[in-house]
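> What follows is a predicted structure for the sequence shown.
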Amino acid sequence: MKNPVMQARSAVGLVGHLGRGVQRVATDAVLGNRVGPPRAVAALDAAALTKVLGRPVTSVTVLDGDAGTSSRARLALTGDGVPETVFVKMPADNAATRLMGELGRLGNTEVRFYRELSPGLTGVPKLHGADFDPLTGRYILVLEDLAVDACEFPDTLHPIGPDRAALIVELLAKLHAAYWERLPTGRGPLDWLYTASGDSTSLLTGALMNTSVKRLADRTSIPLETGRFIIDNYRAAAMLIDRPPHTVMHGDAHPGNVYFRNGAAGLLDWQAVRRGHPSRELAYTLVTSMTPEERRAAQRDLLDEYRQALAAAGGPELDRDDLWLRYRQAALYAYVAALITAGMGGMQVETIAMEGLRRAVAALEDLETVAALKASL
């Protein structure tokens, strides 16, 4: 049943959040480079990086770069005690993409993760320096350049097998154990972490899914309507899978945000960090990373490996049957994310987005996610 008070509060929160995002993007356009960090990679000079790194930089050379929800580049540096190369993330150049980043709090979230949560975690690129300007929403993240090391970077078109999926599951268990029961229920040092269902922008999710289905209807034979119940009842279903206990989650651990180095897994792009139950993260990661056939054959064993690794890292001993049920229900997250990514466009290469969507719909079917949700709502 819908709660009108909660709906009203969410609507007010959404309006305020949209207003802040629009204000930041507009302020950035008006002020230009007169205040805050540089606006683009091309404007990063020795003075700007000296300020961020806290060490004197004498020269900066752009080696390569690309763009998505953020602008990214590899830089070569010279200076006193600075790394020879670094990886830099900044806001997107495009105003529409900038606004989307503001709605998702992407820049602020990732800067806070590296400053407040990453120390002591394994499988995370090293932070060299960061800056965030609350007036314009501009930010700079200067990270370890993984490209110079012996790292492997998978993607959705090159599925991860069970052995490597086990490495990711082990890494997630360590992350979840590190922050289990450390999140405040009210005000506290980590109160900026929120659940996906608690985000005011989740009011837009149902509309975005409906728009995506319409846009994709003539472009794919994937049975998108398999998730119709989820589209029509997203807010209630999302709150169901976000019920406690909670820990810190990466929030977007798909294959494109994974790397492997020295026989261990690592995670990139911490801009969607959330709090929530680990089943959400496990379902999203395994569904998007593996072929449906390999996932079906290995997922129960992988969940058992996760439970063992979580307990070994100092976390709780989760009930096997309860985790399996919540995993089945949480497969909705892979469907929601993949559907919107493919339908709205611009966030991933189309072949990758469509393959992710195919895997997500297959998971809804073989995990009987809709039936599992209906039984609990």
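Yep, it's here.

> okay, now the domains of the protein?
Domain assignment for the chain by automatic domain parsing gives 4-148, 151-376.

> how about a markdown table for these, with mean neighbour count and mean pLDDT added?
No exception for glycine: its C-beta is placed from N, CA and C like everyone else's. Formatted as a markdown table, these follow (neighbours: other CB atoms under 10 Å; pLDDT from 0 to 100):
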| stretch | mean neighbour count | mean pLDDT |
| --- | --- | --- |
| domain 4-148 | 17 | 81 |
| domain 151-376 | 19 | 94 |
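
> A helix includes residue 372, no?
Yes: with DSSP: H, G, I helix; E, B strand; the rest coil as the criterion, residue 372 is part of a helix.

> what sits against it?
Contacts for residue 372 (CB atoms under 8 Å, 6 or more residues apart in numbering) come out as 325, 328, 329.

> Quickly note the distance from the last one to residue 313.
Using CB to CB, to the nearest Å, residue 329 is found at 24 Å from residue 313.

> Name the nearest residue to the most centrally placed residue in the chain, sequence neighbours excluded.
Per CA atoms, centre = their mean, the C-alpha nearest to the average position across the chain is that of residue 252, at 2.9 Å. Closest residue to residue 252 apart from its sequence neighbours, by CB to CB, 6 or more residues apart in numbering: residue 272 at 4.0 Å.

> Residue 283 now?
Spatial nearest neighbour of residue 283, chain neighbours left out: residue 330 (3.9 Å); criterion: CB to CB, 6+ apart.

> That neighbour should be in a helix, yeah?
Yes: per three-state DSSP, residue 330 lies within a helix segment.

> ok, now which ones touch it?
Going by CB under 8 Å, 6+ apart, residue 330 touches 241, 277, 279, 280, 282, 283, 284.

> Secondary structure added to those residues, as TSV?
Formatted as TSV, the contacts of residue 330 follow (three-state DSSP):
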residue	secondary structure
241	helix
277	coil
279	helix
280	helix
282	helix
283	helix
284	helix
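
> how near is residue 257 to residue 327?
As judged by CB to CB, residue 257 and residue 327 stand 20 Å apart.

> wait, I meant residue 240
Separation of residue 240 from residue 327 (CB to CB) stands at 13 Å.

> what does residue 191 give?
Residue 191 is 28 Å from residue 327, by CB to CB.

> just to revisit the earlier point, now, which of the contacts of residue 372 sits nearest residue 162?
residue 328 (18.9 Å; CB to CB).

> hang on, that closest one packs against residue 367?
Yes: contact criterion CB atoms under 8 Å: residue 328 and residue 367 qualify, at 4.4 Å.

> need the helices for the stretch 251-377 of the chain, in chain order.
Taking DSSP state H, counting those that start in this stretch as the test, the helices found in the stretch 251-377 of the chain are 278-289, 292-312, 320-344, 350-366, 369-376.

> Residue 203: which of those is closest?
Closest approach to residue 203 among those is made by helix 320-344 (13.7 Å; CB to CB).

> Can I get the contacts of residue 372 in a markdown table including distance to residue 145?
Formatted as a markdown table, the contacts of residue 372 follow (distance: CB to CB, whole Å):
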| residue | distance to residue 145 |
| --- | --- |
| 325 | 42 |
| 328 | 40 |
| 329 | 39 |
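
> Now do the contacts for the closest residue to residue 85 other than its chain neighbours.
Nearest residue to residue 85, sequence neighbours excluded (CB to CB, 6+ apart): residue 145, at 4.2 Å. The contact partners of residue 145, by CB under 8 Å, 6+ apart, come to 74, 83, 85, 86, 87.

> Residue 145 and residue 82: what is the separation?
12 Å.

> same thing with residue 154?
Taking CB to CB, one finds residue 154 at 30 Å from residue 82.

> How about residue 274?
For residue 274 relative to residue 82 (CB to CB), the value is 33 Å.

> swap in residue 72?
With the distance defined as CB to CB, residue 72 ends up 19 Å from residue 82.

> And residue 243, by the same measure?
Residue 243 is 46 Å from residue 82, by CB to CB.

> Kindly report the same for residue 319.
Taking CB to CB, one finds residue 319 at 49 Å from residue 82.

> Equivalent analysis for residue 364, please.
48 Å.

> And residue 72, which helix or strand is it part of?
Per DSSP states H and E: residue 72 is located in strand 70-79.

> how about the CA coordinates for that strand, as PDB?
Output of strand 70-79 as PDB, limited to C-alpha atoms (Å, rounded to 0.1, in the frame of the first residue of the first chain):
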ATOM      1  CA  SER A  70      32.700  11.500 -16.300                       C
ATOM      2  CA  SER A  71      35.700  12.700 -18.200                       C
ATOM      3  CA  ARG A  72      38.700  10.400 -17.800                       C
ATOM      4  CA  ALA A  73      42.300  10.700 -18.800                       C
ATOM      5  CA  ARG A  74      45.800   9.300 -18.200                       C
ATOM      6  CA  LEU A  75      48.400  12.000 -17.500                       C
ATOM      7  CA  ALA A  76      52.200  11.900 -17.400                       C
ATOM      8  CA  LEU A  77      53.700  14.100 -14.700                       C
ATOM      9  CA  THR A  78      57.000  15.500 -13.700                       C
ATOM     10  CA  GLY A  79      57.800  17.100 -10.400                       C
END
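
> Whichever helix or strand comes after that strand pairs with which strands, and in what direction?
Counting by DSSP H and E, the element after strand 70-79 in chain order, helix or strand, is strand 85-91. Paired neighbours of strand 85-91 in the sheet (DSSP bridges): strand 70-79 (antiparallel), strand 139-144 (antiparallel).

> what's next to strand 85-91, contact-wise?
Under the contact criterion CB under 8 Å, 6+ apart, strand 85-91 has outside partners 37-41, 44, 63, 70-77, 98, 101, 107, 110, 125, 128, 137-148.

> what do you get if the cut-off is 6 Å, keeping everything else the same?
Outside of strand 85-91, the residues within contact range by CB atoms under 6 Å, 6 or more residues apart in numbering are 70-76, 98, 107, 128, 138, 140-143, 145, 148.
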